[in-house]
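*Asks:* Any chance you can model this:
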Amino acid sequence: MNVTTWNMQGSSASTEVKWRTGVLTLAQTPERWRPDVICLQECGGAPPSGTLLFSVPFLSPGGVATSVEVYLWGGTVSRPLAWVAFHQWDVLGNRVNLAVLTKQGPPAAGDVTLAWPAGAPAWRPVLGLRTGAQVVFSCHAISPGGADAPGLLAAAQGAAGALPWVVAGDFNRTPDGFAPAGSVVCPPNGPTYPTKKPESKYDYAIRSGAAAPPAGLVLSLLLSDHMPVAFIF
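*Replies:* Residues are numbered from 1 along each chain as shown. Purely as a prediction, here's the structure:
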């Protein structure tokens, strides 16, 4: 399964320019890394051209009601391009939200999960979507420094249970020594941030298992302050 991650830098809530010019470009590429799943951070609003299929309710650790919406997006009703699980975490600015796009068949409500760190610091959750026999999570750790990254990874590992898992996203820290036991870091093959004179490796994946991790391919899509990274698992 191929997974790509991209921080869209707060795509506008009122348009879908970055969805149409960025996400669609990634999803339809003819390259060998063509993704089955795309993990998105700072994705703004859900794509306006999407068709809402259903909503899954959740409660945050503090008891606040929230939800994940699942949309059909792109293609036609009979031959859709993809399905998007979207979590509006940023209810005020509608900018710093999370999404997971999958092309591997329509998800059911039970395939969607939100998971928060068990202790402080706790900010955004990870958004997970079961695709086939594994769970793929989109992660956006706190800036600066990604202090909540270990807690987010532990939350994803717990939410996946016995299933294999992948956490991909913007960790706001380099991939040094915080992956949980039984997992491996899949680093990018170059700096990912910022797009002008990139110098930091903030965008990558961590997956369960002990197999040798593949290096992610940093992509030259210049629509954000972060470069997308593609993985062939």
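*Asks:* quick one: residue 185 from residue 222, how far?
*Replies:* 26 Å (Cβ to Cβ, to the nearest Å). The way it works is simple: take the backbone N, C-alpha and C, and place the C-beta from them, glycine included.
*Asks:* more crowded one of the two?
*Replies:* Set side by side, residue 185 and residue 222 show more neighbours around residue 185, with 16 against 10, by other Cβ atoms under 10 Å.
*Asks:* you'd agree the more buried one is up against residue 208?
*Replies:* No - judged on Cβ atoms under 8 Å, residue 185 makes no contact with residue 208 at a distance of 11.7 Å.
*Asks:* longest single helix anywhere in the protein?
*Replies:* helix 149-160 (DSSP state H).
*Asks:* Heading C-terminal from the helix or strand of the chain with the lowest mean pLDDT, find the next helix or strand.
*Replies:* Every helix and strand of the chain was ranked by mean pLDDT, DSSP states H and E. The lowest is helix 17-18, at a mean of 87. Per DSSP states H and E, the first helix or strand lying C-terminal to helix 17-18 is helix 24-27.
*Asks:* Mind listing residues that contact the lengthiest strand in the chain?
*Replies:* The single longest strand within the chain, with elements called by DSSP state E, is strand 65-75. Strand 65-75 is contacted from outside by 19, 24, 27, 46-47, 49-60, 80-89, 101, 106-107, 109, 112, 114, 127, using Cβ atoms under 8 Å, 6 or more residues apart in numbering.
*Asks:* After that strand, which helix or strand is next? Please name it.
*Replies:* Sequence-wise, the next helix or strand downstream of strand 65-75 (DSSP H and E) is strand 80-87.
*Asks:* Okay, now the sheet partners of that next one, with direction.
*Replies:* The strands beside strand 80-87 in its sheet (DSSP bridges) come out as strand 65-75 (antiparallel), strand 98-102 (antiparallel).
*Asks:* how close does the residue of the chain most remote from its centre get to residue 111?
*Replies:* Distance from the C-alpha centroid of the chain peaks at residue 78, with 26.1 Å (Cα atoms, centre = their mean). Remark: distance between residue 78 and residue 111 (Cβ to Cβ) = 22 Å.
*Asks:* swap in residue 151?
*Replies:* As defined by Cβ to Cβ, residue 151 lies at a distance of 23 Å from residue 111.
*Asks:* Specify which residue of these two has the higher count of neighbours.
*Replies:* residue 151 (21 against 18).
*Asks:* contacting residues for that one?
*Replies:* 117, 118, 119, 121, 122.
*Asks:* So for stretch 84-95, first residue to last residue, what's the gap.
*Replies:* Stretch 84-95 has an end-to-end distance of 16 Å (Cα to Cα, to the nearest Å).
*Asks:* er, stretch 125-137 I mean
*Replies:* Using Cα to Cα, the two ends of stretch 125-137 sit 10 Å apart.
*Asks:* and it, which residues are buried?
*Replies:* Neighbour counts over stretch 125-137 (16 or more other Cβ atoms under 10 Å) mark 125, 126, 127, 128, 129, 130, 131, 134, 135, 136, 137 as buried.
*Asks:* Now render these as JSON lines, adding pLDDT.
*Replies:* Listed next are the buried residues of stretch 125-137 as JSON lines, based on pLDDT from 0 to 100:
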{"residue": "125", "pLDDT": "98"}
{"residue": "126", "pLDDT": "98"}
{"residue": "127", "pLDDT": "98"}
{"residue": "128", "pLDDT": "98"}
{"residue": "129", "pLDDT": "98"}
{"residue": "130", "pLDDT": "97"}
{"residue": "131", "pLDDT": "93"}
{"residue": "134", "pLDDT": "96"}
{"residue": "135", "pLDDT": "98"}
{"residue": "136", "pLDDT": "98"}
{"residue": "137", "pLDDT": "98"}
